[in-house]
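1. next come a sequence and a model predicted from it.
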Amino acid sequence: MTSASFILAVTSLTCLLCLCASASSAEEEVRDFQLQRAINFHGSGVMENVSAIDDTPHIKIAADIMDRAHLNLNHSMMENNVASSCHLFWGRWVHDASYPLYSAGQCPYISESRGNCRKHGRPDSDYEKWRWKPLGCSFRRFNARDMLWRLRGKRLMFVGDSISRSQWESMVCLLQAVIPDNKKTMISRSSLTIFKALDYKASVEFLWAPFLVQQIITRKNKVIIRLDSVGRNGIYWKGVDVLVFESSHWWIHAEGESWDLIMEGNRLHRNMDPLLAYSKGLTTWANWISSNLDPRKSLVFYKTTSPKHESPSEWNEPNGHRCYNERDPVQISGYRPPMPAQVPIVKRILKKTRFPVTLLDITGLSEFRKDGHPSIYSSDLNSQQRRYPEQFADCSHWCLPGVPDTWNELLYDSLLLKGFGS
């Protein structure tokens, strides 16, 4: 065989191997999405038979939810020198009379439409008094003055949809209580809202970007989601010290509700599996983060899907009306809600991401809080709609004070573990 023939043969073999690997990878991705769609896309989970759990189901079930999603420990909060016996996202909810950490009536930054449930007539308040107790360690109570001191001269930004906005409102409420009125300001600029603590030269910001990737509104009010670009969103992310991202619910709204077209390269798609679109969009975000941010200057967190509570049969109340009139967390043994389909996709992508993203894995612990939603106590509903909670109760957003405060306690604890602002 001549040298030229040998080179040609090797080249052909190499190309063939590459094609086979590519085809195998593509087939694996398709199988992944078909499986997730079949199990979770329509929210139809099945209650699995499990043995009784001592004291509370929270520890084992929250751990099981994490295990089924193949948690990548290298990108979790457990990587930060936390003792192996301490699991921040495994644990149970305990009633604590010292909560809440602030009063809704004294925080003017809570959403008028959804967050302030007591203002809109909710008669009970116990949903404000549950504290998350991690397994194997003590949870550090949020300290507003310490957080402000660590944020001095820095920017903290929450990015996402209305669920992220609730977490931002929670953080602002936690901090603003210790700041004099003349030492704080609020500025809104298009999709960006900024709370400033003047004495600390610190800002806590919220950027509306429900898809993280670029959302284009045409002159005819058509919505186009561009899967291969973050667009102008990236301009806001550069130079931020702490970024907390979340994108989930808008990807799986009813078909046609969130977008009219999906753009990928030069191609327009009228129809695409929402979970496949989600994976492609999130991969674009992850690639942008890896290419444009410096891990020595920016800390990046990603919060997993905030669960909905719209199917009372999941907690053995088949005659219930979504989350209406729920006043306690789920306490039944064997509680195993269907895992949101977005969670394993997020973890799979973060596992491959070059940038060190810290996972705020709040899905499992939040699954127990069927009592934490606005239900009918929202200005979004009129008096007629409030009569039909089985149809109109809001079981996806959260009351404040409430569950988003716990997410921020976990964020605060993670920042302490990382030595942020020391």
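-> On my side now, so go ahead. Keep in mind the model is a prediction, meaning the values are calculated, not measured.
2. what residue ranges in the stretch 101-250 of the chain score low on pLDDT?
-> Across the stretch 101-250 of the chain, nothing is flagged by pLDDT under 70.
3. quick one: the strands in it?
-> Taking DSSP state E, counting those that start in this stretch as the test, the strands found in the stretch 101-250 of the chain are 130-135, 155-160, 184-189, 192-197, 202-208, 214-217, 223-226, 242-245.
4. tabulate those strands (a markdown table), appending distance to Lys351 and mean neighbour count.
-> Bear in mind the C-beta positions are built from the backbone N, C-alpha and C, glycine included. Below are the strands of the stretch 101-250 of the chain laid out as a markdown table (distance: least, Cβ to Cβ, whole Å; neighbours: other Cβ atoms under 10 Å):
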| stretch | distance to Lys351 | mean neighbour count |
| --- | --- | --- |
| strand 130-135 | 23 | 20 |
| strand 155-160 | 21 | 25 |
| strand 184-189 | 35 | 12 |
| strand 192-197 | 31 | 19 |
| strand 202-208 | 25 | 22 |
| strand 214-217 | 25 | 16 |
| strand 223-226 | 24 | 18 |
| strand 242-245 | 16 | 23 |
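5. may I see those strands organised as JSON lines, with distance to Gln391 added?
-> Listed next are these as JSON lines, based on distance: least, Cβ to Cβ, whole Å:
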{"stretch": "strand 130-135", "distance to Gln391": "27"}
{"stretch": "strand 155-160", "distance to Gln391": "27"}
{"stretch": "strand 184-189", "distance to Gln391": "33"}
{"stretch": "strand 192-197", "distance to Gln391": "32"}
{"stretch": "strand 202-208", "distance to Gln391": "28"}
{"stretch": "strand 214-217", "distance to Gln391": "29"}
{"stretch": "strand 223-226", "distance to Gln391": "26"}
{"stretch": "strand 242-245", "distance to Gln391": "32"}
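6. what ranges do the helices span in this structure?
-> 3-36, 58-68, 144-150, 162-176, 233-237, 274-292, 342-352, 363-366, 383-386, 389-392, 403-417 (DSSP state H).
7. can you count the residues close to the closest residue to Gly265 other than its chain neighbours?
-> Using Cβ to Cβ, 6 or more residues apart in numbering and skipping the chain neighbours, the partner closest in space to Gly265 is Asp228 (6.1 Å). Neighbours of Asp228 under the rule other Cβ atoms under 10 Å: 15.
8. could you do Gly153 as well?
-> Other residues near Gly153 come to 10 when the count uses other Cβ under 10 Å.
9. ramachandran coordinates for the residue lying closest to it once chain neighbours are set aside?
-> Among residues not flanking Gly153 along the chain, Lys201 sits closest, at 4.9 Å (Cβ to Cβ, 6+ apart). Dihedral pair for Lys201: phi 50, psi 40, per degrees, to the nearest 10.
10. Lys201 and Thr185: what is the separation?
-> Distance, Lys201 to Thr185, using Cβ to Cβ, to the nearest Å: 12 Å.
11. repeat for His309
-> Distance from His309 to Thr185, by Cβ to Cβ: 36 Å.
12. do the same with Asp199
-> Note on Asp199: its distance to Thr185, by Cβ to Cβ, is 12 Å.
13. just Asn292 next, same as before
-> Separation of Asn292 from Thr185 (Cβ to Cβ): 29 Å.
14. go on, Thr305?
-> Counting by Cβ to Cβ, the separation of Thr305 from Thr185 is 33 Å.
15. what does Pro337 give?
-> For Pro337, the distance to Thr185 - Cβ to Cβ - is 41 Å.
16. likewise for Ala341?
-> 40 Å.
17. then Ser203?
-> Going from Ser203 to Thr185 by Cβ to Cβ gives 9 Å.
18. between the two, which contacts overlap?
-> With contacts defined as Cβ atoms under 8 Å, 6 or more residues apart in numbering, the residues adjacent to both Ser203 and Thr185 are 195-196.
19. so Val403 makes contact with Arg369?
-> Yes - counting by Cβ atoms under 8 Å, Arg369 is a contact partner of Val403 at 5.0 Å.
20. quick one: contacts of stretch 283-293?
-> Residues outside stretch 283-293 that contact it (Cβ under 8 Å, 6+ apart): 212-213, 227-230, 234, 237-238, 243, 245, 247, 300, 349-350, 352-355, 357.
21. hey, what's the angle from the lengthiest strand in the chain to helix 403-417? Just curious.
-> Ranked by number of residues, the top strand in the chain under DSSP state E is strand 87-95. Here the directions of strand 87-95 and helix 403-417 differ by 140 degrees (axes from the mean of the first three to the mean of the last three Cα atoms, to 10 degrees).
22. partner strands of strand 87-95, with direction?
-> Using DSSP bridges, the strands paired with strand 87-95 are strand 130-135 (antiparallel).
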